[in-house]
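Novice: just coords:
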């Protein structure tokens, strides 16, 4: 096991021999690491934290620390992280709160760039990117393949849909449509579908055409949101159905 002599590992922590723990890392007693994780240096893992296999965690990250919530009184809440994540410098991930479900989670194959923050009771899916200084307040849901740009704060209880791309500096206070390109040039708005991102993910021309029709109905046609959703439901394909369902279940409203 590659544990540097300056690292402090509490009795009870579970660390496989295939892991590397670099200088000045601190690992709490209730932390469990999967195989082949690499903690480069100065990493703090605390609380009931379970981390999967093949994660690389860069210096000055703090994962599983108490939530930044004045209501938190030391309840035994958790942080769970999947496999294959790249967690860059100074990222912070807070554990959950009793009132928010008790769990903060991160899925597989995500890239969290420097200074990103995942607040308590937030849930990030798989294959997501949080760029530098992207900050998720408590209770935020980021669905699979979404990208949150640099310096983007996301308000509590917001959801960012699958394959969404949020441009840098956008203040997110409502739900972000799946498949969309959303940005703040003068005001927050959805500019249509995330065409380049979807092409890179292997979407066929037929899927792209259907989504293009759906976004035109929602953003360009002379219909209100309810009318547009009904029209989108008439389009073929699972993507249009997903977009319509996302809008209907939104509680904070959508960025349109």
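Specialist: Nice, I can see it. Because the structure is a prediction, the values reported are computed rather than measured. Numbering: from 1, shown residues only.

Novice: quick one: secondary structure of residue 182?
Specialist: strand (DSSP: H, G, I helix; E, B strand; the rest coil).

Novice: list the contacts for residue 172?
Specialist: For residue 172, the contact set (Cβ atoms under 8 Å, 6 or more residues apart in numbering) comprises 148, 152-155, 158, 160, 166, 182, 188, 255. C-beta coordinates here come from the backbone N, C-alpha and C atoms, glycine included.

Novice: brain fart, residue 239
Specialist: 179, 207, 210-211, 214.

Novice: same thing but 7 Å
Specialist: 179, 207, 210-211 (Cβ atoms under 7 Å, 6 or more residues apart in numbering).

Novice: Then residue 116?
Specialist: Counting by Cβ under 7 Å, 6+ apart, residue 116 has contacts 91, 130, 133-134.

Novice: Go again with 6 Å.
Specialist: Residues near residue 116 by Cβ atoms under 6 Å, 6 or more residues apart in numbering: 91, 130, 134.

Novice: Just list whatever residues bridge to the second one.
Specialist: Beta-bridge pairing of residue 130, defined through DSSP bridges, involves residue 112, residue 148.

Novice: what number of residues lie near it?
Specialist: 30 (other Cβ atoms under 10 Å).

Novice: how much space is there between it and residue 219?
Specialist: As judged by Cβ to Cβ, to the nearest Å, residue 130 and residue 219 stand 26 Å apart.

Novice: Likewise for the last one?
Specialist: Counting by Cβ to Cβ, the gap between residue 134 and residue 219 amounts to 24 Å.

Novice: so what does the lowest-mean-pLDDT helix or strand in the chain touch, helix or strand wise?
Specialist: Least confident helix or strand, the chain: strand 188-193 with a mean of 79, by mean pLDDT, DSSP states H and E. Packing contacts for strand 188-193, counted by 3 or more Cβ pairs under 6 Å, 6 or more residues apart in numbering; DSSP states H and E, involve strand 180-184, helix 205-219.
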